[in-house]
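S.K.: Sequence and predicted structure, then a few things I'm wondering about:
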Amino acid sequence: MNYNRLKNIHNKNQTPILPVRPGMFLEIHEIVWEWDTRRIWKFKWLVIKVKNPNQPDGTFTIRGEVARMTIEKIYPLSFPNFDKVLLLDDYKIRRSKLYYIREKIGKDARFKSIIESSKRNTNLLDLIKKPEAPKTEEKVEAKEEVKVEENVETKKVEENVQETVAPVVEDNAPATENTEAAAE
């Protein structure tokens, strides 16, 4: 596999990097092109290995049954042909590579589930962070609010100055000269 090509695709298209880890049971909806037609291939697999997590050139290995045959596939973490990646279950595991599951059959191949019911059937592609453009707008709004508060404070100060100047202005002309000097 050409990892430099994957890095270039990731940088060019900003394809998301999947947050998968070993022990996840996923339902993957992959876009498959057959001649001129496009269809979605759905299958349920267990993630047995993740290589270079959170990197554009990282890969993950999945294992499952398709048409009564056990198959293992390796996908890049930044694969653009995923339509959906649903998290069906997450298992408690003690190893980072689950190669030993290949020899297990039946009850020996069981894991303990650690996922909450609210997180089941969540699309992992939706959980990935989007570009942070809205945060800059929030900063601008916060600065505008500060300016409004400053304007309110300056208006109060100006009102106080006018109140102190107003009684003095009511007196004779020499008093107005004193108030102008005090205002400066």
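M.R.: That came through fine.

S.K.: show me what contacts Thr122?
M.R.: Neighbouring residues of Thr122 by C-beta atoms under 8 Å, 6 or more residues apart in numbering: Leu86, Leu87. Using the backbone N, CA and C atoms, a C-beta is placed for each residue, glycine as well.

S.K.: what do you get if the cut-off is 7 Å, keeping everything else the same?
M.R.: Leu87 (C-beta atoms under 7 Å, 6 or more residues apart in numbering).

S.K.: any idea how this protein splits into domains?
M.R.: 3-130, 134-183 (automatic domain parsing).

S.K.: need those in JSON lines with mean pLDDT, can you?
M.R.: Output for these, formatted as JSON lines (pLDDT from 0 to 100):
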{"stretch": "domain 3-130", "mean pLDDT": "87"}
{"stretch": "domain 134-183", "mean pLDDT": "52"}
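
S.K.: For Ile31, give me phi and psi.
M.R.: phi -80, psi 120 (degrees, to the nearest 10).

S.K.: neighbours of Arg63, just the number please.
M.R.: 17 (other C-beta atoms under 10 Å).

S.K.: try Ile114
M.R.: 11.

S.K.: Check Lys49 too.
M.R.: Neighbours around Lys49, by other C-beta under 10 Å: 18.

S.K.: if we can go back for a sec, pick the most buried one from the domains of the chain.
M.R.: domain 3-130 (a mean of 14; mean count of other C-beta atoms under 10 Å).
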